[in-house]
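Colleague: Here you go, sequence then predicted model.
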Amino acid sequence: MQVAIKRIDKALRPRVLNEVGVLYALVHPNVLRFVNWYETPKHLWVIVEHCAGGSLDAIIAADGYEPCPVTLCVCRSRQSAMLSSV
């Protein structure tokens, strides 16, 4: 499995810990798999499954908008992931 490593400023620690908790709890094919996280004196490091296509934000920025079929697909995937974690 290829991974992505996110380096995050420690000032965002509460937000990062929330994200880590959510990713840890969600196990779904439409959600990046959480691997681990580490804390150093200056940064937090979050390791997740690599998404080869890039982030949804990057895709939208490149296209300039998000077409309705894409929006529907993303919403259904997110809904499925959230419902399966309950």
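Modeller: Thanks, I have it. Numbering: from 1, shown residues only.
Colleague: From now on I want contacts and neighbour counts done on CA atoms only, so please keep to that.
Modeller: Fine.
Colleague: what's the closest non-adjacent residue to the residue nearest in space to the middle of the chain?
Modeller: The centroid of the chain falls nearest to Leu32 when counting by Cα atoms, centre = their mean (5.6 Å). Closest residue in space to Leu32, ignoring its immediate chain neighbours: Glu49 at 5.5 Å, by Cα to Cα, 6 or more residues apart in numbering.
Colleague: Could I get the contacting residues of Ile8?
Modeller: Applying Cα atoms under 8 Å, 6 or more residues apart in numbering to Ile8 gives the contacts 43-46.
Colleague: how about the helix or strand where it lies: buried residues?
Modeller: Take DSSP states H and E as the rule and Ile8 turns out to sit in strand 3-9. Within strand 3-9, the residues that count as buried by 16 or more other Cα atoms under 10 Å are Val3.
Colleague: tell me the mean pLDDT for it?
Modeller: Taken as a whole, strand 3-9 has an average pLDDT of 91.
Colleague: Could you spell out the sheet neighbours of that strand, each with its direction?
Modeller: Its sheet considered, strand 3-9 pairs with strand 43-49 (antiparallel) by DSSP bridges.
Colleague: before we move on, the earlier item: among the contacts of Ile8, which one has the most neighbours?
Modeller: Neighbour counts for the contacts of Ile8 peak at Val46, which has 21 neighbours (criterion: other Cα atoms under 10 Å).
Colleague: what bridges to that residue?
Modeller: Beta bridges link Val46 to Lys6, Trp37, judged by DSSP bridges.
Colleague: Looking at the contacts of Ile8, spot the one nearest Val3.
Modeller: Val46 (10.0 Å; Cα to Cα).
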